[in-house]
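S.K.: need a structure here:
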Amino acid sequence: QDFLPPSLPKANRIPGVLESVVVTLALALSSTTVAAVLAFFVALFGSEKGSPFPKAAKFVRGFATFLRNIPALVWAFILFSSLGFIALCITSFAFLVRAFVETMEDVSQDCVESLQAVGASFPQRVAQAILPSCLSGFLSWFLYSVEVNIRASTIVGMVGGGGVGLTLFSYIKSFQYDVALSIILLVAAMVIVVDQITGKLRKELLK
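M.R.: Numbering: from 1, shown residues only. Here you go, the predicted structure:
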């Protein structure tokens with residue numbers, strides 16, 4: 001009853017709400033980008049086909065699985081709420097390591113072996129075999145992770161991570177449920193728009 005009908009924040013607070021939305025988008029995109037770069041290099045050692053140390057692949061996968069099974073919200077609490085960026089980085093990193101490893105496993109073994117046969121170094125095998133074959137898959141998983149982090153950053157923000165989640169929680173705490181509903185609808189619209197954009201980009205990449 002208190003939530004309906006939705007109500008806009010006071011005029012002088014609207015710029016602050018919009019700024020918090022931008023912060024949430026920046027938080028999701030930056031944390032995913034950092035996680036993707038780190039995950040790429042770690043995933044090179046998690047794929048038995050491409051790793052220079054095949055025996056270490058299982059340990060890399062196991063470590064990523066362990067991190068992935070701890071939700072971003074839990075990491076936010078562990079990191080004392082103020083490090084929402086790090087919390088999102090950890091969960092994104094773990095997810096993308098496994099996703100990138102599975103993508104690398106689809107690379108033709110003949111291609112990798114032929115490069116090894118002619119004496120190609122590990123960086124050369126990555127540049128000539130893995131990247132050309134997996135780049136579209138990497139980008140697709142990156143975009144999907146951005147989608148996930150848009151939602152996750154809102155939740156993490158509610159426990160002190162900043163962004164629109166913190167703004168939403170402040171209105172709920174002050175019992176302004178009608179304004180809180182407007183922010184919830186704004187977040188839903190933001191997620192839908194991002195989903196549509198990244199969905200179309202992934203389809204183009206996977207053609």
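S.K.: host element of the residue most central in space within the chain?
M.R.: Taking CA atoms, centre = their mean, the centroid of the chain lies closest to Ser145, which sits 3.5 Å from it. Taking DSSP states H and E as the criterion, Ser145 maps to helix 131-156.
S.K.: ditto for Pro15
M.R.: helix 14-43.
S.K.: Mind giving me the packing neighbours of that helix?
M.R.: helix 57-68, helix 84-105, helix 131-156, helix 164-173, helix 177-205 (3 or more CB pairs under 8 Å, 6 or more residues apart in numbering; DSSP states H and E). In short, each C-beta sits where N, CA and C put it, glycine included.
S.K.: what angle do the helix holding Ser145 and helix 84-105 make?
M.R.: 150 degrees (axes from the mean of the first three to the mean of the last three CA atoms, to 10 degrees).
S.K.: returning to that earlier point: what about the residue nearest to the centre of the chain, distance to Ser136?
M.R.: 15 Å (CB to CB, to the nearest Å).
S.K.: Ok, Val97 next?
M.R.: Applying CB to CB to Val97 and Ser136 gives a distance of 18 Å.
S.K.: Neighbour count: the two, which is higher?
M.R.: Neighbour comparison, Val97 and Ser136: the larger count goes to Val97, with 27 against 15 (by other CB atoms under 10 Å).
S.K.: Correct me if wrong: that one contacts Val42.
M.R.: Yes - between Val97 and Val42 there is a contact under CB atoms under 8 Å: 5.3 Å.
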